[in-house]
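Enquirer: Prediction below, plus the sequence it came from.
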Amino acid sequence: DAGVIQSPRHEVTEMGQEVTLRCKPISGHNSLFWYRQTMMRGLELLIYFNNNVPIDDSGMPEDRFSAKMPNASFSTLKIQPSEPRDSAVYFCASSLAGQNQPQHFGDGTRLSIL
Amino acid sequence: DQQVKQNSPSLSVQEGRISILNCDYTNSMFDYFLWYKKYPAEGPTFLISISSIKDKNEDGRFTVFLNKSAKHLSLHIVPSQPGDSAVYFCAASAYSGAGSYQLTFGKGTKLSVIP
């Protein structure tokens, strides 16, 4: 079975540019999560979707961040404009809905904003 | 305010011995706990979990213990193998509405198993 697929794996861009991260969840999973990992704060939940509907975006740091899930097999996380402090590894995860369902993670996108 | 804490950033263990990774939590609403393992340049991989109604769950070389009164859980790996060298994350789950469960992660413990 294909796991969670994220693209790109690495992104280097200049401050002020728009960045779009992509995620394809595991087929059949109906919950999708976006996380950010930094040395200082560890793994932080940014936003999650249930059946393509955003449930909680309280972890999104600023209005510069937005996420969409237009269908069950695709989600994007966009940063516009990007800033150096956005540099981090961004993970997407998916799971079946319901209690006791482990989340399955993609391999992440390493983002560097110069 | 960290709700899930892994106080040891790193741990070194000799091959064949037991590895014990610890995790403390503060939120009594957490009712399900998970351990994830992460290799460099990869995403975290689910390892083992435990419900709050249990105090132990075992899967091969991996055992997770939960002490609810102390709000403490631990992961035991025995015997430890060099391939177990990775960062281990403790995570706790709580209901967050609309049929969804949200995970809160600790900052991880880097385990090094020395051959």
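Expert: Nice, thanks for sending it over.
Enquirer: contacts, neighbours, all on C-alpha from now
Expert: Will do.
Enquirer: next helix or strand past the helix or strand of chain B with the lowest mean pLDDT?
Expert: Lowest mean confidence among the helices and strands of chain B (mean pLDDT, DSSP states H and E): strand B:100-105, at a mean of 88. With elements assigned by DSSP states H and E, the helix or strand that comes after strand B:100-105 is strand B:109-114.
Enquirer: elements contacting that next one?
Expert: Here strand B:109-114 touches strand B:10-14, strand B:86-97, going by 3 or more C-alpha pairs under 8 Å, 6 or more residues apart in numbering or on different chains; DSSP states H and E.
Enquirer: re the thing from before, and the contacts of the least confident helix or strand of chain B?
Expert: With C-alpha atoms under 8 Å, 6 or more residues apart in numbering or on different chains as the test, strand B:100-105 has contacts from A:31, A:42-45, A:50, A:97-99, B:3-4, B:89-96.
Enquirer: Repeat that for stretch B:63-81.
Expert: B:13-26, B:28, B:35, B:48-50, B:52, B:54-58, B:61-62, B:113, B:115.
Enquirer: Would you mind checking the residues you listed for buried ones?
Expert: Taking 16 or more other C-alpha atoms under 10 Å in any protein chain shown as the criterion, what is buried in the contacts of stretch B:63-81 is B:13, B:15, B:18-25, B:35, B:48-50, B:56, B:62, B:113.
Enquirer: so of those residues, which ones are in helices?
Expert: Applying DSSP state H to these, no entry is found in helices.
Enquirer: Out of these, name the ones that lie in strands.
Expert: Judged by DSSP state E, the buried ones among the contacts of stretch B:63-81 include B:13, B:19-25, B:35, B:48-50, B:56, B:62, B:113 as members of strands.
Enquirer: Looking at those, which two lie furthest apart in space?
Expert: B:25 and B:113 (26.0 Å; C-alpha to C-alpha).
Enquirer: secondary structure class for whichever residue of chain A sits closest to chain B?
Expert: Closest contact between chain A and chain B, by C-alpha to the nearest C-alpha, is at residue A:107 (4.1 Å). Under DSSP: H, G, I helix; E, B strand; the rest coil, residue A:107 falls in the coil class.
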